[in-house]
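>>> sequence? don't have it. structure:
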């Protein structure tokens, strides 16, 4: 029984079967298919093994019309995807001189020489088109080995796969009539409210049929995904708009943005709009807040820099935190958080100073100041100095506390800038 | 064709097909199966849809003897896994009063009342044993619907699934003779060498059968995974050791560690062993290097802090970079990288100073200094001052350049500390 016009994701790699890596490629492709409105009912993972890959292929060809492969395109002997596909459909491999030249040029641009094993990456099944890889050496293929069946292959390296998907695969699929009916989604992003509390506030919306509204949470953030299905993107968008407006109203200040926005991008936009500048002082996050801020292209227009004051001596020498405050209240205290924010704002001559001091663990906690205790400090115009105490708990570990601390600090600044 | 004695992971959930969540359950189970030495060749994801789940079951029963399901055990109408399994094997569902009592008691302990929909969770296929869920309300099953075929079901909530796996499934599988042979793996980690070049250097090893050696690459790092199968973990380990030794010898200085080690942990161990300290100065990475260093618990014993000098004024005021160097050579230059390293080492009074200045893009590049150009500076004892120029290219984007820059800086320090 064939499901007409549906896609299937097939991830090839023994490292997935050994649990060495998380299958983020499957998640990305799944999201993309949903956005394009291309139904997809199955995902399969199989190792770097030709006979098992052929078995998977035999099943997939019967139930799906678009097969999307990731992995197994590299230069090493265990990269077998292309050769196995050619073998399965009984088609010879042919070398593409243009690909050889492209690989040579990419190696040369990094001052390296192409190795003989890379030549294998230029072998594609006869009749297959090249799916160019602008950021790596392994190209993919676009291939219709028989009528009504399309194969796309991508390398397993996520950054290469994503670029190839966006640059070539999406336009190709659209040109072939895939994704005509549109599923359009909008994700509203919330900070400072629990998933269950938000779900209760918006309960009636969760029973809607078109658009649907679904809550989910990760990394301390809560999201509401609004998805509409319609004959065009514009029509789907029109179904979403009124629901989005109501949800934003209910969410209030906790709703900070949508879709690709992040706390860092929203804060950055606002600082830029106000022609304000920001400097930061980090202790337990050790650079994580700065990284979040500078992940935004163009952040240099409002972010001047910061001090990572991991040691107390650095808090004193570079942030002018007083020895008295450190001795009396300890490094993890509202007083020190405030002095750090004031100090970095003054030293770097910015509109705002934002600071974090806390205990990321696993060691360093005690009964009075347990692991997960974090103070955020904020200094601004007109003598504004504030601090905020948070208890993130020890259960989810160091990386979680560091990440939550950085996001929470940005959220405090966001609320102040509103 | 049946592969004898192998397992298969089947994850049920439309949220996986929509890309709403990462399939971390598959990774966990894959790691567990590898540790137990239970071969596993396929993973499948299917939505909350009985007819498609049955198709997946039909395929899986033919090629695997142990089917491990996650998801679809909850109380809502779209949780269909158990009922579908019973239907597929044509067995009735029977209610287990002990499960009803357990669910009631769990709700009562949280001050809530069991809802009628929870009763569904007490219905199991006739002949199936209960796989208890100590931390949630949805139990799983252990079921042999026919000789030589075992099914285990788990809820999709990772924390519940993991506990159930460890508390009940592992002892059960061992008691049934699964996991007698052990697969043991060791992953060697390399920095500063391309995957294809390393694969060529170790080519003869890639054809070995036991242990196997497989190369892979991500985030600029190359790894070699050595996997051995033997009757015990100790015997597998003994197969791995001589191969590991030879590969480490071939890898030389490019091999920086194994398994859970990272560039940051290896550098940290070495600094700690030498009782040396480190301070950093970051420009284009904006905190990413500090975050990498402080992701290691205990890093405060060697890392004192750093300066994020995003703006040139901060490079001058806090790192003593000269206005002349900035004017003559530009912020992205070996001279400024060296002055940053010297400056932060002096200001923070550490053994080592490590700096990064570069162009992360997408804007800010030109012909002479393109996006992806990065200088790493290093200052150390006895007047040591060095810098290293890298061209990471613009193709893979800002986050990639930032991440590669931070890792590369750590690698330079690592080599210097050897």
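In hand now; what should we look at? These numbers were taken from a predicted model, which means no experiment stands behind them.

>>> could you use CA atoms for every contact and neighbour count after this?
Fine.

>>> in the stretch 101-250 of chain A, what residue comes closest to chain B?
Evaluated by C-alpha to the nearest C-alpha, the stretch 101-250 of chain A has residue A:135 as its residue closest to chain B, separated by 5.1 Å.

>>> tell me if that residue really is in a helix.
No. Under DSSP: H, G, I helix; E, B strand; the rest coil, residue A:135 sits outside any helix and is assigned coil.

>>> which residue packs closest to it, ignoring adjacent ones?
With C-alpha to C-alpha, 6 or more residues apart in numbering or on different chains as the criterion, residue A:135 has its nearest non-adjacent residue at 5.1 Å, and that residue is residue B:395.

>>> any stretches of chain A with poor pLDDT?
Along chain A, segments meeting pLDDT under 70 span A:1-4.

>>> domain parsing for it?
For chain A, automatic domain parsing gives the domain ranges A:7-175, A:182-258, A:263-417.

>>> can you redo the ones you listed as a markdown table with mean neighbour count?
Output for those, formatted as a markdown table (neighbours: other C-alpha atoms under 10 Å in any protein chain shown):
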| stretch | mean neighbour count |
| --- | --- |
| domain A:7-175 | 20 |
| domain A:182-258 | 18 |
| domain A:263-417 | 22 |
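
>>> so which of those domains is nearest residue B:241?
domain A:7-175 (19.6 Å; C-alpha to C-alpha).

>>> now render the domains of chain A as CSV, adding distance to residue B:241.
Listed next are the domains of chain A as CSV, based on distance: least, C-alpha to C-alpha, whole Å:
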stretch, distance to residue B:241
domain A:7-175, 20
domain A:182-258, 39
domain A:263-417, 32
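
>>> out of those, which comes closest to residue B:87?
domain A:7-175 (20.3 Å).

>>> please look at residue A:410 and residue A:264 and confirm they touch.
Yes. Between residue A:410 and residue A:264 there is a contact at 6.7 Å, judged by C-alpha atoms under 8 Å.

>>> overlap of the contact sets of these two?
Residues touching both residue A:410 and residue A:264 (C-alpha atoms under 8 Å, 6 or more residues apart in numbering or on different chains): none.

>>> got the end-to-end distance for stretch A:317-336?
Taking C-alpha to C-alpha, to the nearest Å, stretch A:317-336 runs 14 Å from one end to the other.

>>> what lies in contact with that stretch?
Contacts of stretch A:317-336 (C-alpha under 8 Å, 6+ apart): A:281, A:307, A:309, A:312, A:315-316, A:339-340, A:343-344, A:347, A:357-359, A:369, A:373-377, A:387-389.

>>> and chain B, which of these reach it?
For chain B, the contacts drawn from the contacts of stretch A:317-336 by C-alpha under 8 Å from any C-alpha of the partner chain are A:307, A:309.

>>> which ones among the contacts of stretch A:317-336 map onto helices?
Per DSSP state H, helices hold the following members of the contacts of stretch A:317-336: A:312, A:315-316, A:339-340, A:343-344, A:347.

>>> neighbouring contacts of the longest helix belonging to chain A?
Longest helix in chain A by number of residues (criterion: DSSP H): helix A:397-417. Helix A:397-417 has contacts (C-alpha under 8 Å, 6+ apart) with A:191, A:219-220, A:253, A:263-264, A:266-267, A:270-271, A:284-285, A:288-289, A:292, A:354-356, A:360-362, A:372, A:374, A:376-378, A:392-394, B:295, B:297.

>>> could you do stretch A:365-373 as well?
Defining contact as C-alpha under 8 Å, 6+ apart, one finds that stretch A:365-373 is touched by A:332, A:358-364, A:389-394, A:401.

>>> inside strands: which ones of these?
Counting by DSSP state E, these place A:358, A:389-391 in strands.

>>> one step back: so the residue nearest to residue A:135 sits against residue A:159, correct?
No. Under the criterion of C-alpha under 8 Å, residue B:395 makes no contact with residue A:159, lying 9.8 Å away.

>>> quick one: contacts for residue A:391?
Applying C-alpha under 8 Å, 6+ apart, we find residue A:391 in contact with A:372-374.

>>> distance of it from residue B:150?
Counting by C-alpha to C-alpha, the gap from residue A:391 to residue B:150 is 45 Å.

>>> contact residues of the stretch 51-200 of chain A facing chain B?
Near chain B, when you scan the stretch 51-200 of chain A using C-alpha under 8 Å from any C-alpha, you find A:52, A:75-78, A:110, A:115, A:117-118, A:134-135, A:157, A:159-160.

>>> look through the stretch 251-400 of chain A and state the residue closest to chain B.
Closest to chain B within the stretch 251-400 of chain A is residue A:287: 3.9 Å, counting by C-alpha to the nearest C-alpha.

>>> relative to residue A:285, how far out is the residue nearest to that residue when sequence neighbours are not counted?
Of all residues beyond its chain neighbours, the one nearest residue A:287 is residue B:287 (3.9 Å), with distances taken as C-alpha to C-alpha, 6+ apart. Plainly put, residue B:287 is 9 Å away from residue A:285 if you go by C-alpha to C-alpha.

>>> run through the strands of the stretch 51-200 of chain A in chain order.
A:66-70, A:93-95, A:123-125, A:129-131, A:140-146, A:149-154, A:182-190 (DSSP state E, counting those that start in this stretch).

>>> returning to what we had before: quick one, what contacts the residue of the stretch 251-400 of chain A closest to chain B?
A:308, B:286-291, B:294.

>>> can you pick out the most distant pair from those?
By the measure C-alpha to C-alpha, B:286 and B:294 form the most distant pair in the contacts of residue A:287, at 14.2 Å.
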